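1. requesting a structural model of the entry that follows:
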Amino acid sequence: MIGPNGPVTIITLRELANFAFGHGSEEAAVINACGGMDPLYQLEHLTLLKAVIWHRGNSSQDPEKAPLQALSRQSKGIDNLSYEAEKVYALMAFFEHRIMPFPPENDLQALARLSMINDRYRIAERMPSMLLNKIPSKSCWYADDDQYKAQFWDIKPEIQVAGVTDTGALVLDGCRAASIRWKNFPEVGVRTTESGFRQLVAKVAVFGIPGFYAFAVQWIPWLFSKVSRTSSNVSASTSESCQGGLCTVDVSLSPAATILAIVLFGWVHSFYGPFMIAYSISGRILFTQPFLIGVKGAIKVEEASHYLYRAWILRPRIIYTTSGSLLAQHAGREGDIREGKKSQYDAVKELKNQDELYTLVDTSTGTLYYFTAERPPTVCLYTGREGGLGRFVLCSENCTANELHKETVLRMPSQIHRSMRSCGWLAIGGVEE
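-> Numbering: from 1, shown residues only. Presented below is the predicted three-dimensional model:
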């Protein structure tokens, strides 16, 4: 520690925490030196200080020797009382508001308490939106790094920490949640752009074909009776008559030729009927019934479009995500339309951990996401925003402890949260053992 007018002094983490409770001392002036900074600038400094203290606390020590803190306390005649959350108590010296040490709590419980009392930084609120390389089995909300390369100050949280449980789970308030459907692909209600010609094609396809067959059923028996009384030869004759400058041509078909024409027309109409129906509903989608659909493994956008909308003409109505997951790939160059690379499916099929590969289909934006998780998530939480996209935490359920466990984090359009339901307190913590 460097004083304002003194040399460098080596102190322990516990001694650093004790300086926070001093009043009017030079040490307190050093600790509160960043009090006038911008909150985000303070958050950046506090994040760096936390990383340094955590690194010091986790440094390798000889197991045969007592820790340096214990040796320092023994040399001063202090009882060897060890705090499990000693690193947090050292870090709180740099915060405006401090907490009283509580020996039974661990680092994460103390960090949550410190974050709640210093609410302006919202450290604990930012952590659930970050994706660690390895999500811990307990206190999965904690994160000091992000695989999307975001920092603490890049994330704007949309939740509030209400407390922390005895097991280290974080109690959140103000969450918006939605369930993920794993059973099957539902029938999705869709509203498309209106077109008079498409409506006409739809009416011809829906009413024209049944009407034609009703006509054929009524008149073909009568034509067969005429064929049996006359001849079964297929023939056609034409006659032309002119009066003045007007000429008329009469074409007459034999009963057998008439039957053949009706059958041929019905076959052609039946062949193009499905394409006419597909064209009639191929308008631009204006509104879709929102669903989050989970699939074990990987499926293509063509399959998802077929299961949801049954028919499409030129291109599928589901697209690949551009940057929504760690497995996403951007297809376009600068200036092109922002869309995902079509070879994402081939890339994810080459992954080694196929048992942990899942697909999420969002019908509200028509986007498909590939992600990996240890357990299939059943709940989606909206927790914050970053980089022009929302942070959505996919969680599995621990029904025994009534808690959620973070499995992964996806970056999805923020407007999706409008279709999600606002819920009360929920705990995000450990996995069911």
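
2. mean confidence score for stretch 55-65?
-> The average pLDDT within stretch 55-65 is 48.

3. ugh, wrong one, I meant stretch 391-402
-> Here the average pLDDT along stretch 391-402 is 91.

4. excluding its backbone neighbours, what's nearest residue 84?
-> Of all residues not flanking residue 84 in the chain, residue 106 sits nearest, at 5.1 Å (Cβ to Cβ, 6 or more residues apart in numbering). For the C-beta atoms, the positions are set from N, CA and C on the backbone; glycine is no exception.

5. where does this protein dip in pLDDT?
-> By pLDDT under 70, the low-scoring segments of the chain are 1-38, 56-82, 191-287, 311-314, 332-337, 431-433.

6. now the helices for it?
-> Using DSSP state H, the helices of the chain run over 13-19, 26-31, 39-57, 68-75, 86-91, 107-117, 123-126, 196-203, 209-229, 255-280, 301-309, 344-348.

7. export only the CA atoms of the fifth one, formatted as PDB.
-> This means helix 86-91. C-alpha atoms of helix 86-91 as PDB (Å, rounded to 0.1, in the frame of the first residue of the first chain):
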ATOM      1  CA  GLU A  86     -11.600 -12.500   3.300                       C
ATOM      2  CA  LYS A  87     -11.000 -11.400  -0.300                       C
ATOM      3  CA  VAL A  88     -14.400  -9.600  -0.500                       C
ATOM      4  CA  TYR A  89     -13.800  -7.900   2.800                       C
ATOM      5  CA  ALA A  90     -10.500  -6.600   1.400                       C
ATOM      6  CA  LEU A  91     -12.300  -5.400  -1.800                       C
END
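
8. any idea how far the closest residue to residue 397 other than its chain neighbours is from residue 179?
-> Leaving aside its sequence neighbours, residue 397 sits nearest to residue 378 (Cβ to Cβ, 6+ apart; 5.5 Å). Distance, residue 378 to residue 179, by Cβ to Cβ, to the nearest Å: 6 Å.

9. next: residue 377.
-> 10 Å.

10. show me what contacts residue 99?
-> By Cβ atoms under 8 Å, 6 or more residues apart in numbering, the contact set of residue 99 is 89, 92, 110, 113, 114, 117.

11. again, only using 6 Å
-> Contacts here follow Cβ atoms under 6 Å, 6 or more residues apart in numbering; on that basis residue 99 touches 113, 114, 117.

12. and the buried ones among those residues, selectable in ChimeraX?
-> Of the contacts of residue 99, the buried ones go into a single ChimeraX selection, burial set by 16 or more other Cβ atoms under 10 Å:
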select :113,114
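
13. make TSV from the contacts of residue 99 and add distance to residue 425 to it.
-> Shown next, in TSV, are the contacts of residue 99 (distance: Cβ to Cβ, whole Å):
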residue	distance to residue 425
113	17
114	20
117	19
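
14. quick one: buried residues of stretch 370-390?
-> 370-373, 377-386, 389-390.

15. what segments of the stretch 251-400 of the chain are strands?
-> Under the criterion DSSP state E, counting those that start in this stretch, the stretch 251-400 of the chain contains strands at 285-288, 292-296, 319-320, 357-362, 367-372, 379-386, 389-398.

16. can you redo those as JSON lines with distance to residue 327?
-> Shown next, in JSON lines, are the strands of the stretch 251-400 of the chain (distance: least, Cβ to Cβ, whole Å):
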{"stretch": "strand 285-288", "distance to residue 327": "24"}
{"stretch": "strand 292-296", "distance to residue 327": "14"}
{"stretch": "strand 319-320", "distance to residue 327": "10"}
{"stretch": "strand 357-362", "distance to residue 327": "9"}
{"stretch": "strand 367-372", "distance to residue 327": "4"}
{"stretch": "strand 379-386", "distance to residue 327": "17"}
{"stretch": "strand 389-398", "distance to residue 327": "14"}
